[in-house]
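1. Using only what follows, build the 3D model:
(one chain, ligands or ions: 1)
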Amino acid sequence: MNNTPPKLNLSRRFPDNMTTAHSLIIKAKNGEKGNAKGQRYAIPAFNVTTVQGINAAFTAFELLGSSGLLAFSNSALKHFGGGDPVFGLEIATAYVEQKAKRSSVQIATHLDHGDYTSEGGRKVVQASVQMLTSVMADNSTDKISKTGMPLEKNIELTREVVDMAHPLGISVEGELGVLAGEEDEDTKSEFSTYTNPAELEKFLRETGVLMIAPTIGTMHGPNKGKPGTKVRLNIKLAHELLKVANRIDDNIIFVAHGASTLYPDVVKYAVAQIDKMSDPSSVRQKWLDFVGTDWEQIQGLIEAGFCKINTDTENRQTFLSALLGSLTTSSAKIDIRWYDNVCTNALTQSYIQKLIMAGDYGVWHKTKLDVAKFKFDLNASLKDILKVCLI
Ligand SMILES: [Zn+2]
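-> Model (predicted):
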């Protein structure tokens, strides 16, 4: 492939307060908040799978003045669309666009792990290019043989997506290397490979993607190691890869997948709820065995230029933990909105916490809460927590 890939069309206009993932993340890479330029931060990409997830994320973005990045996996879109991911796209996009209209911050919508290797996957990527503001073209794994995709083939398929998306102003994320672990049916692999710097250079030059997920040791899912062990990321390799990318174009952004840093207090809370159930033993141990990535390691990645941090597991755990809590508090309230609110408010707390950790606040306006006073606590209601920290 000798011809130059098309550049991202920056003059595309999106619906009110919507923008590409790339334009939000490049601000984070350059440390831009309002008119000021400060420290580098990251944008957590929240994988939303339900309307509650979207609502909770918007509340968190508004409170913090954060850049908002909502990611949808194929299976999430299927869930929204009652089995049909393209219909799910229509529903989710319409919902997000209506909410964005009233938003005080900028929002991007992103297809997570879009798959251009299969016919079904291609359909979803093509529809996403029409409806979302950003897509991932993950062609790193051959889904049939369950091995790493040959580099040339990964480049060819990813380039097809760039050719289609960049002229329309839609940013594209590629993936090079294979990530281990399991998040849901879209991301499941028993093996992993590190990204090779020479391959990264070739991949970036030939595909033209401005966002890339290299693998440096992160894992998908809630079990990132044996209980009691720590996940080890190859930060040295991350820096080496960043040098390669910056040489080509300093608008290139690194994305960390499998970057969920779990909340120990959420696990503690869940275990306390499980203990109140009749036979909790097996479920209880599963909760205690969950292993996430240490936040210090993620901070190392942010410094190395990973400015999109994909987080899902800890948010799901928070939701489920709160659901357990709502059932042990009262399982006789015949108003499902009550349970819905408990879970959505817990999820909002989880998102606020993650946005603060990543430094993604005060970007579009001053925060409405004192971040130093915010305390994530499932034993308290969101209303009571905000009473203490709202400015
Ligand atoms: Zn991922």
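2. could you pull out the helices for the stretch 51-200 of the chain?
-> 51-64, 74-80, 85-101, 119-131, 151-165, 197-207 (DSSP state H, counting those that start in this stretch).
3. any chance of those helices in TSV, plus mean neighbour count, distance to Leu8 and mean pLDDT?
-> Yep, even glycine has a C-beta here, placed from its N, CA and C like the rest. Shown next, in TSV, are the helices of the stretch 51-200 of the chain (neighbours: other Cβ atoms under 10 Å; distance: least, Cβ to Cβ, whole Å; pLDDT from 0 to 100):
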stretch	mean neighbour count	distance to Leu8	mean pLDDT
helix 51-64	22	23	97
helix 74-80	22	23	97
helix 85-101	18	20	98
helix 119-131	18	13	97
helix 151-165	20	8	97
helix 197-207	18	12	96
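4. mind checking which of those is nearest Asn223?
-> Using Cβ to Cβ as the measure, helix 74-80 is the one of the helices of the stretch 51-200 of the chain that comes nearest Asn223, at 18.7 Å.
5. From the chain's centroid, how far away is that closest one?
-> Its chain's C-alpha centre and that of helix 74-80 lie 15 Å apart, by Cα atoms, centre = their mean, to the nearest Å.
6. Other residues contacting that helix?
-> Residues outside helix 74-80 that contact it (Cβ atoms under 8 Å, 6 or more residues apart in numbering): 47-50, 72, 84-89, 91-92, 111-115, 121, 124, 184-186.
7. Spit out the contact partners of Thr109.
-> Met18, Leu70, Ala71, Phe72, Ala92, Thr93, Val96, Met131, Leu132, Thr133, Ser134.
8. Hmm, Ser73 and the fifth one touching each other?
-> No. When contacts are counted by Cβ atoms under 8 Å, Ala92 is not listed as touching Ser73 (11.2 Å).
9. so the strand ranked longest in the chain versus helix 151-165, what angle?
-> Under DSSP state E, the strand in the chain containing the largest number of residues is strand 107-114. Inter-element angle recorded for strand 107-114 and helix 151-165: 150 degrees (by axes from the mean of the first three to the mean of the last three Cα atoms, to 10 degrees).
10. re the thing from before, so can I have a markdown table of the helices of the stretch 51-200 of the chain showing distance to Ile43?
-> Output for the helices of the stretch 51-200 of the chain, formatted as a markdown table (distance: least, Cβ to Cβ, whole Å):
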| stretch | distance to Ile43 |
| --- | --- |
| helix 51-64 | 11 |
| helix 74-80 | 19 |
| helix 85-101 | 16 |
| helix 119-131 | 19 |
| helix 151-165 | 19 |
| helix 197-207 | 20 |
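11. Indicate which one of those is closest to Lys387.
-> helix 51-64 (13.1 Å).
12. list the helices and strands that closest one packs on?
-> strand 43-47, strand 68-73, helix 85-101, helix 313-329, helix 336-358 (3 or more Cβ pairs under 8 Å, 6 or more residues apart in numbering; DSSP states H and E).
13. Point out where this protein drops to low pLDDT.
-> Along the chain, segments meeting pLDDT under 70 span 1-2, 180-192.
14. Try it again at 80.
-> For the chain, applying pLDDT under 80 flags the ranges 1-2, 143-147, 178-193, 218-219, 221, 223-226, 228-232, 277-282, 331-332.
15. how far away is Lys146 from Val178?
-> As defined by Cβ to Cβ, to the nearest Å, Lys146 lies at a distance of 10 Å from Val178.
16. who's more crowded, these two?
-> Val178 (20 against 12; other Cβ atoms under 10 Å).
17. Number of residues surrounding the nearest residue to Lys29 once chain neighbours are set aside?
-> Distances taken as Cβ to Cβ, 6 or more residues apart in numbering place Cys307 nearest to Lys29, at 4.5 Å, with adjacent residues excluded. The number of residues packed near Cys307 is 27, by other Cβ under 10 Å.
18. looking at this, Cys307 is in a strand?
-> Yes. Remark: Cys307 belongs to a strand, assigned using DSSP: H, G, I helix; E, B strand; the rest coil.
19. sorry, back to before: of the helices of the stretch 51-200 of the chain, which approaches Thr141 most closely?
-> Here helix 151-165 is closest among the helices of the stretch 51-200 of the chain (Cβ to Cβ), at 9.1 Å.
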